[in-house]
Structures are given as C-alpha cells and as structure tokens.
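Colleague: next come a sequence and a model predicted from it.
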Amino acid sequence: MAKKRNKIFYKKNLKFIIPSKNKHKIVRIRNLGIFTIIFLTVISLILIFRTDLFFIHKTEIEIDNNFGCVSEKEILEPLQVQGKSLFFFDSKKNVEVLLDKFVCLEKVVMTKKWPDVLMIKVAERKPVLLLRIAKDGAQTKIFDFDLTSSQSAEFFLEKLSTSSSQFSQNFFIVDNQGKIFKIAEKTGGLPILRVSLSKEPEIGEKIVGIDFAINLLSKLKDESFEVSEAEIINPSNIYVYLKEGPQIEFSSDKDLSWQVSSLQLILTQAKIEGENLKLVDLRYDKPVLIK
C-alpha cells in the first residue's frame, strides 16, 4: 500500500536585499507596505488639519419662538468660530456656553455640515405672562372682603381701583415654568400677573407659587377670554381683570375647568338677559355675582 504524502506549502514573502560592507540588510515588502500606509495616513492627516478645508467658513442660525431676546450676532460672539476647524469644535461644550450666557434660551442644537458649515438652532423660552411686582413688598388686603355679606359693590370696586398704585411699572417676562428670562418695557399683548414679593426678582429666577396662575391664564386664553391683568391675592385666590367684562375671583382649591366653564355659562346668561356684571366670585360652590 502506497504511503500518502502530505504536501506542505510555504508562503514566501518578497524581500529586498540591500548590500552593505559586512552583511546584507533584508527588508520584507510586507512590512514596507505597512510602513508606507502609516506614513501616508499621517501625512494626509497633517495636510487636512493644517489646511483651511475644514475650517468653519459659514454659520447658519435658526431661531424658534423668536421674542427678540437674542440676535444672531450675540449668539456667535461667545462661540468665536472664526479660524476653528469643525474637527476640533466641541458642540456639547458650546451649547452649554450659550445656555449659561442667555437665560432666555430654552434649547440649543448644533450640527456640523461638512466640510465647513456650522448649523445652530436655538429655541427661545415662550413667554406666557408678565410679572408686575408690588412696591416695597406691599400686600393687598381688599380681597379679604366677604362678598356674600352686605358689603357694597361700589366700595369694593373703589378699593380695587386704588390697589394698582402699589405696584411698580417693571415687567418681568415669565415662561410656562415660572422662570423669569427678560425684563420688558412694553406688555407686548401678554397678560400681567401682579404679585407681592419681599424683593425684586432677578433674571433666571424661578418664581414659586404661580403655577396655578400660569395654568389659569393659559386656560382662559385657550377659551378666548381676553385678560388684561391678574393678581395673586393669597396662595389660594387669584383675581382676574378681563379687557371687556366683569372682574373674576378664582380659587386654586376649586377645579380649574369647572370654574372656567361656570364663568362661560354666567357671562352667556348675563348677555342674554342684558345684565351688566361687575364682579364674579367663583370661590364658593354657588358663584357670587355683583351687578
């Protein structure tokens, strides 16, 4: 029986033989190829980073909910993008730079558009109301009246009209989270919420205790009520002044939807009957009406 022979193949690597005085230096082509690739890669990276091919030559800025709190020039100034490469531009770090510098910005997104465009999209905080702070922490007491008693409506409304003199003319723009992000000189059509604080608030400060007022004013706006001003009387009661119609007192202890629905029904009925209401108090199970 013939023996089976296993054939073994050996892969031979091409090589260069470089002669020298005492010995020959052998350089294998496989190793030379690896070195060549590494060398060319390093040279390519150096050329890329040292040329202006990937430098930021253009910025595209988009502003959502533009309320005028920041301009495109103000956005670019702290970033200092001129002469920077997209490779080394730290988007995450610069997003934090803008959010820290501009309290009025709620969100910032940066996108790199190769080879040389930086896209910046910012969203300003959406204003929902203006705060008007009481002078010297003055407190309004006229709303402690029991409207179910024989207290005259004339005396009540007279006190009501003088209460506004206790408030300053400074307006602080507040978003839906109760955060102050700008001081305004004009109302811009936003409802005004009058509050009494021990000191004037600062930009970036979140005002505690106005959540119900924010929800109330948003609900009234959704139901097409035109609100001129509102005032927090105490933690439970809020007084609302409509542009046209009676003044209304709401309670945070009562269901908000029920109060707004009741107000709609009362005003509709008053219009049908031709009654001129001066005050609607919704703090009670049965609303109190003053004509």
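Modeller: Yes, it's here. Numbering: from 1, shown residues only.

Colleague: residue 179 is in contact with residue 204, correct?
Modeller: Yes: here residue 204 reaches residue 179: they are 7.1 Å apart, a contact under Cβ atoms under 8 Å. C-beta coordinates here come from the backbone N, C-alpha and C atoms, glycine included.

Colleague: quick one: low-confidence parts of the chain?
Modeller: 1-33, 43-51, 135-168 (pLDDT under 70).

Colleague: rerun at 50
Modeller: Counting by pLDDT under 50, the chain shows low-confidence ranges at 1, 4, 6-14, 16, 136-157, 159-160, 162.

Colleague: from residue 117, how far off is the residue nearest the centre of it?
Modeller: The residue lying closest to the centre of the chain (Cα atoms, centre = their mean) is residue 106, at 2.4 Å. Residue 106 is 24 Å from residue 117, where distance means Cβ to Cβ, to the nearest Å.

Colleague: over to residue 222?
Modeller: From residue 222 to residue 117 the distance is 40 Å (Cβ to Cβ).

Colleague: neighbour-wise, which of the two wins?
Modeller: residue 117 (14 against 9; other Cβ atoms under 10 Å).

Colleague: for the residue lying closest to the more buried one once chain neighbours are set aside, what are phi and psi?
Modeller: Excluding the flanking residues, the one nearest residue 117 by Cβ to Cβ, 6 or more residues apart in numbering is residue 58, at 4.8 Å. Per-residue torsions, residue 58: phi -150, psi 140 (degrees, to the nearest 10).

Colleague: residue 58 and residue 214, how far apart?
Modeller: 40 Å.

Colleague: now the element after whichever strand or helix holds residue 59, going C-ward?
Modeller: Applying DSSP states H and E as the criterion places residue 59 in strand 58-64. Going down the chain from strand 58-64, the next helix or strand is helix 72-76, by DSSP H and E.

Colleague: residues near residue 243, how many?
Modeller: Applying other Cβ under 10 Å, I find that residue 243 has 10 neighbouring residues.

Colleague: and the gap between it and residue 174?
Modeller: 20 Å.

Colleague: same question for residue 216.
Modeller: 13 Å.

Colleague: same question, residue 78
Modeller: 25 Å.

Colleague: more neighbours: those two, which one.
Modeller: residue 174 (26 against 12).

Colleague: the more buried one - that's part of a strand, no?
Modeller: Yes: per DSSP: H, G, I helix; E, B strand; the rest coil, residue 174 lies within a strand segment.

Colleague: what segments of the stretch 101-250 of the chain are helices?
Modeller: 153-163, 211-222 (DSSP state H, counting those that start in this stretch).
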